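K.L.:
Have a look at this prediction, sequence included:
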Amino acid sequence: MSQRGSVVAPKRILLVRTDRLGDVILTLPMLSNLRSCFPDAFIAMLLRRYTGAIMEGNPYLNEQIWYDREDAELIPFGAMKSILRKHDFDTAIVVYPTFRLALLMFASGIPVRIGTGYRSYSLLFNRRVYEHRKDARLHEVEYNLNLLKELGCKSSSAPEFLIKITPQTTERVGELLREAGVGPKENIAVLHPGSGGSAREWGAANFGSLAQKFVYNNTRVIVTGTDKERSLVERVVDTSGNTAISFAGKLSMKELAALVHRSKVFVANSTGPIHVAAAMGTPVVGMYPQHTPMSARRWGPFTDNKVVFTAKGPLYCDRCSGGSDQSCECMQSIPVGEVYAAASSLMERNDRVSRGRTSLA
């Protein structure tokens, strides 16, 4: 449900998504839809620098505009307003709403401002969409695409998640694997135990035990994470009996995408990299809390090539629904054996599909 006046085809569009990596990945289908609906429009995206790398080479995007400086501090309001005014946008779509962003779009004089109708500052938008995302009745991708209906732009095909990987990036990942002693024909499973504070976590002990099971099945295990997650990754490696290999802090965003594309399966909590893996076509296994706003129904990997586990426990368990502590007793209800069985099944199924394609080539 929305408020709409007459629709005029936009010529200069700003897509605003200034939060985390996974959120940006789930916004990718908006770009292909916008380009399909408005092939001659200038399309820019306002986002943070650390997520920008994943957008490099996207053919549907004309320009990336940074919302923060190199030190990750936000660009001051006045300076940001000047940047946007110079671009002379006629349409802004605020996917991730905050008061600052809503005011920025208004102050920049952008004529058409699309955003939620359910915030105290929603009057700053003049095309308001009335959907409560916290109810998780739809997937985040579907909520995002619904915003485009305000421009008369409707999805006519399956959502497209396009991440461009260069041969140089693929070769760099190959070098890292060779240095780690992983051969070019060995099966790889990638485990990503962290969440960057975005979700409840399954725990290092579980990921370490899972790594052991993969190794027994002649699958090499790479454990990924940011430099800040190094200690978590090392705990997983320790629990695996040092059979898993740490890639903590070694990969750029595009290198992570290249690695998961090379792997047979990707296992993670609800976090940005699980959406990168899904976008790359890699089978994924995800662990999610039962808390509705964090649920797989809204935040699950947007692919059929997946298995999702949801923690058992009360819907609004205090330890799972709030606070800065990412641990949660309910998440421990997800059995390691079942996760391994699901991952193995996905690997086998995709191997059969690959062999079938080869035989038909």
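P.N.:
Happy to help now that I have it. Fair warning: this is a prediction, and the values are worked out from it, not measured in the lab. Numbering: from 1, shown residues only.
K.L.:
excluding its backbone neighbours, what's nearest Met80?
P.N.:
Leu104 (6.0 Å; Cβ to Cβ, 6 or more residues apart in numbering). (C-beta placed from N, C-alpha, C; glycine too.)
K.L.:
Give me the neighbour count for that neighbour.
P.N.:
Counted with other Cβ atoms under 10 Å, residues neighbouring Leu104 total 23.
K.L.:
what about Ala102, neighbour count?
P.N.:
23.
K.L.:
what kind of secondary structure is it in?
P.N.:
Classification of Ala102 by DSSP: H, G, I helix; E, B strand; the rest coil places it in helix.
K.L.:
I'd assumed Phe125 was in contact with it.
P.N.:
Yes. Using Cβ atoms under 8 Å, Ala102 is in contact with Phe125, at 6.3 Å.
K.L.:
what is in contact with those two at once?
P.N.:
94, 113, 115 (Cβ atoms under 8 Å, 6 or more residues apart in numbering).
K.L.:
Now tabulate those residues in a markdown table and tack on secondary structure and pLDDT.
P.N.:
Output for the shared contacts of Ala102 and Phe125, formatted as a markdown table (DSSP: H, G, I helix; E, B strand; the rest coil; pLDDT from 0 to 100):
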| residue | secondary structure | pLDDT |
| --- | --- | --- |
| Val94 | strand | 98 |
| Arg113 | strand | 98 |
| Gly115 | strand | 97 |
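K.L.:
Quick one: which of the residues you listed is the most crowded by neighbours?
P.N.:
Gly115 (27 neighbours).
K.L.:
On the strand side of things, show who that one bridges to.
P.N.:
Arg128 (DSSP bridges).
K.L.:
unless I'm mixing things up, the residue nearest to Met80 is touching Ala79, no?
P.N.:
No. Using Cβ under 8 Å, Leu104 makes no contact with Ala79, being 10.8 Å away.
K.L.:
Outline the domain layout of the chain.
P.N.:
12-151, 171-360 (automatic domain parsing).
K.L.:
mean confidence for the last one?
P.N.:
Summarised as a single mean, pLDDT over domain 171-360 is 89.
K.L.:
Give me the secondary structure label for the closest residue to Ser240 other than its chain neighbours.
P.N.:
Sequence neighbours aside, Ala211 is the residue nearest to Ser240 in space, at 3.7 Å (criterion: Cβ to Cβ, 6+ apart). Three-state call for Ala211 (three-state DSSP): helix.
K.L.:
can you give me the helices for this protein?
P.N.:
Secondary structure of the chain (DSSP state H): helices at 21-25, 28-37, 49-52, 77-87, 99-107, 140-147, 167-179, 204-216, 230-239, 253-262, 272-279, 296-299, 318-321, 336-360.
K.L.:
how about CSV for the ones you listed, with distance to Leu191 added?
P.N.:
CSV is the format used below for the helices of the chain (distance: least, Cβ to Cβ, whole Å):
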stretch, distance to Leu191
helix 21-25, 17
helix 28-37, 24
helix 49-52, 22
helix 77-87, 38
helix 99-107, 35
helix 140-147, 24
helix 167-179, 15
helix 204-216, 5
helix 230-239, 7
helix 253-262, 11
helix 272-279, 10
helix 296-299, 18
helix 318-321, 21
helix 336-360, 10
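K.L.:
Mean neighbour count, those helices: which tops it?
P.N.:
The highest mean neighbour count among the helices of the chain, using mean count of other Cβ atoms under 10 Å, belongs to helix 272-279: a mean of 27.
K.L.:
Pull the CA coordinates from that helix and hand them back as CSV.
P.N.:
Output of helix 272-279 as CSV, limited to C-alpha atoms (Å, rounded to 0.1, in the frame of the first residue of the first chain):
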residue,chain,number,x,y,z
GLY,A,272,26.6,-10.6,4.6
PRO,A,273,28.9,-13.2,3.2
ILE,A,274,26.1,-15.8,3.1
HIS,A,275,24.3,-13.5,0.6
VAL,A,276,27.6,-13.2,-1.4
ALA,A,277,27.8,-17.0,-1.6
ALA,A,278,24.2,-17.2,-2.7
ALA,A,279,24.8,-14.5,-5.4
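K.L.:
Contacts made by it with the rest, please.
P.N.:
Residues outside helix 272-279 that contact it (Cβ under 8 Å, 6+ apart) are 20-26, 28, 54, 161-163, 190, 192, 196, 198, 224, 253, 256-257, 260, 266, 268, 284, 286, 301-303, 305-306.
K.L.:
Identify the residues contacting the residue nearest to Ser240.
P.N.:
Contacts of Ala211 (Cβ under 8 Å, 6+ apart): 189, 191, 221, 223, 236-237, 239-240, 243-244.
K.L.:
Show me the two of these that sit farthest apart.
P.N.:
Ala189 and Thr239 (15.1 Å; Cβ to Cβ).
K.L.:
hang on, the earlier thing: are any of the contacts of Ala211 buried, and which?
P.N.:
189, 191, 221, 223, 236-237, 239-240, 244 (16 or more other Cβ atoms under 10 Å).
K.L.:
Other residues contacting stretch 129-138?
P.N.:
By Cβ under 8 Å, 6+ apart, stretch 129-138 touches 1-2, 114-118, 140, 143, 146-147, 150, 292-293, 295, 297-298.
K.L.:
doesn't Leu103 make contact with Val94?
P.N.:
No. Between Val94 and Leu103 there is no contact under Cβ under 8 Å: 10.7 Å.
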